[in-house]
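[1] the sequence and its predicted three-dimensional model are supplied below.
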Amino acid sequence: MNAQAKTQTPITQKHIDFYQENGFVQVDNMLTPEELAELRGYLEEAMQTESDRSKSTDKKDGSYYRVLNQKVNLWRDHAGMGKYSFHPRFAQSAMKLSGASGMRFFHDHGLWKMPGDSKATPWHQDTPYWPINEADAGMMSIWITLDDVNEDNGCMAFVPKSHKLGKLTGIDLANPQNIFDFVEGGQSAERKPVIVPLKAGSCTFHNGLTFHYAHANVTDKPRRVLAIIFMPDGITYNGKEHLVTDGAGLTAGQPITGPRFPLLAKTDV
């Protein structure tokens, strides 16, 4: 694959318009078949690696127990994962969708919903869990599935336009509250969730404020996903503890920068 093909984004104006209006968008065939096969091997190896650099968050009595197997900062343990976590095609796509002038990496995470006994991931926003000052930061996630996904094995669902409702209270994923109870005046009542089945190698992008949910996995095989969080350049740190920013030498009130949070895409202007 030549360099141009590697960096070329599949994002069209139609994708951008849909994302800006609804807070999420589906993008088919983000990975080539060769990339899909390679990433499956890398993710398998990375998820099995024991390390103090990456963090597993699915321990018993933890917030993700039996919801999903999650491992954060896989790139710090596996150079192959770094190839995809910092992939220019993903970052360029995120920048185009968001309209930001520059896009930084925040973290990656492997998300496995194990067969048979996993719970659904309840409705939530992502932004309340991130140690940032901005309420409407424009931070976003790409969610790349390595398996065909549907309602039986953990595909995603989104509430269109919910990113316009603002930053609400964070949800306890193990003992979830109803996020819709935090919406004043029933503003989301008319916004029906959209279920998004995907073919392996395809993805969704969603805003950190968008309400989203993942179905339980009731099949006999794991559902494997790589998710990467991007942040517009200039987002500032609020000083709170977070497994991604701890030990990174950040200063409260200052932009999140440094070797763990590289600028992956920027406009030519």
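    Thanks, I have the structure now. On a predicted model such as this, the values are computed, not experimentally measured, just so you know.

[2] which residue ranges form the helices in this structure?
    3-7, 13-22, 33-48, 79-85, 88-98 (DSSP state H).

[3] and among these, the most buried is which?
    Ranked by mean neighbour count under mean count of other C-beta atoms under 10 Å, the helices of the chain are led by helix 88-98, which reaches a mean of 23. Where C-beta positions appear, they are placed from N, C-alpha and C, glycine not excepted.

[4] about what we covered before: mind giving me a markdown table with the helices of the chain and columns for mean pLDDT and distance to residue 118?
    What follows is the helices of the chain, written out as a markdown table (pLDDT from 0 to 100; distance: least, C-beta to C-beta, whole Å):
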| stretch | mean pLDDT | distance to residue 118 |
| --- | --- | --- |
| helix 3-7 | 52 | 34 |
| helix 13-22 | 97 | 27 |
| helix 33-48 | 95 | 15 |
| helix 79-85 | 97 | 23 |
| helix 88-98 | 97 | 26 |
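
[5] adding distance to residue 125, write the ones you listed out as CSV.
    Below are these laid out as CSV (distance: least, C-beta to C-beta, whole Å):
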stretch, distance to residue 125
helix 3-7, 30
helix 13-22, 15
helix 33-48, 25
helix 79-85, 22
helix 88-98, 16
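
[6] quick check: which of the ones you listed is nearest to residue 253?
    helix 88-98 (22.8 Å; C-beta to C-beta).

[7] so what does that closest one touch, helix or strand wise?
    Using 3 or more C-beta pairs under 8 Å, 6 or more residues apart in numbering; DSSP states H and E as the contact test, the elements touching helix 88-98 are helix 3-7, helix 13-22, strand 102-113, strand 140-145, strand 203-207, strand 223-232, strand 263-266.

[8] nearest to residue 242, of these?
    Among the helices and strands packed on helix 88-98, the nearest to residue 242 by C-beta to C-beta is strand 102-113 (9.3 Å).

[9] list the strands paired with the closest one, with their directions.
    Next to strand 102-113 in the sheet, as set by DSSP bridges, lie strand 69-72 (antiparallel), strand 223-232 (antiparallel), strand 263-266 (antiparallel).

[10] can you tell which of those strands is closest to residue 151?
    strand 223-232 (11.4 Å).
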